[in-house]
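Participant: sharing a sequence plus its predicted fold:
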Amino acid sequence: MKSWYQEDWEFRIEIMAVGTDNKPTNCRMGYEPGDAFTCQYGCPQDFCSKSMMKVFPILEAVRSDGDLRNLGGSGKHEMEIVCPDGIVKFRISARRI
């Protein structure tokens, strides 16, 4: 694969909580608090594809100069969400490259 596009943003997706007791067995992917992923445009390696469907529109909002506070974020480029199964809590943060 030959990536040709120079991305403007880098994203960090950090696991904040997993269920009520933070056991990795609560999550099909085995996530634990503190696990983190970084990406620019593509899906991070070993990231839950079901959760990526929920994360991707948030990343697109940042790329189009949106303000995540309008979507309930804690800052212009930071937001916490829960996975589609309601088990894993993620913090998404973005930084301009």
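Facilitator: Looks like it arrived, so ask away. Numbers count the residues shown, from 1 in each chain.
Participant: apart from its chain neighbours, what residue comes closest to residue 43?
Facilitator: Excluding the flanking residues, the one nearest residue 43 by C-beta to C-beta, 6 or more residues apart in numbering is residue 52, at 5.0 Å. (C-beta placed from N, C-alpha, C; glycine too.)
Participant: buried residues in the strand or helix carrying the one you found?
Facilitator: Using DSSP states H and E, residue 52 sits within helix 49-63. Across helix 49-63, burial judged by 16 or more other C-beta atoms under 10 Å covers 51-52, 55, 58-59, 61-62.
Participant: with stretch 38-48 instead?
Facilitator: Neighbour-count burial for stretch 38-48, counted by 16+ other C-beta under 10 Å, picks out 39-40, 44, 47-48.
Participant: now do that stretch: everything it contacts.
Facilitator: Here stretch 38-48 makes contact (C-beta atoms under 8 Å, 6 or more residues apart in numbering) with 5, 7, 9-13, 28-29, 31, 37, 49, 52, 59, 83, 88, 97.
Participant: likewise stretch 49-59?
Facilitator: Contacts of stretch 49-59 (C-beta under 8 Å, 6+ apart): 9, 11, 13, 39, 43, 68, 71, 79, 81, 83-85, 88, 90, 92, 94.
Participant: same thing but at 6 Å, please
Facilitator: Stretch 49-59 has contacts (C-beta atoms under 6 Å, 6 or more residues apart in numbering) with 11, 43, 83-84, 92.
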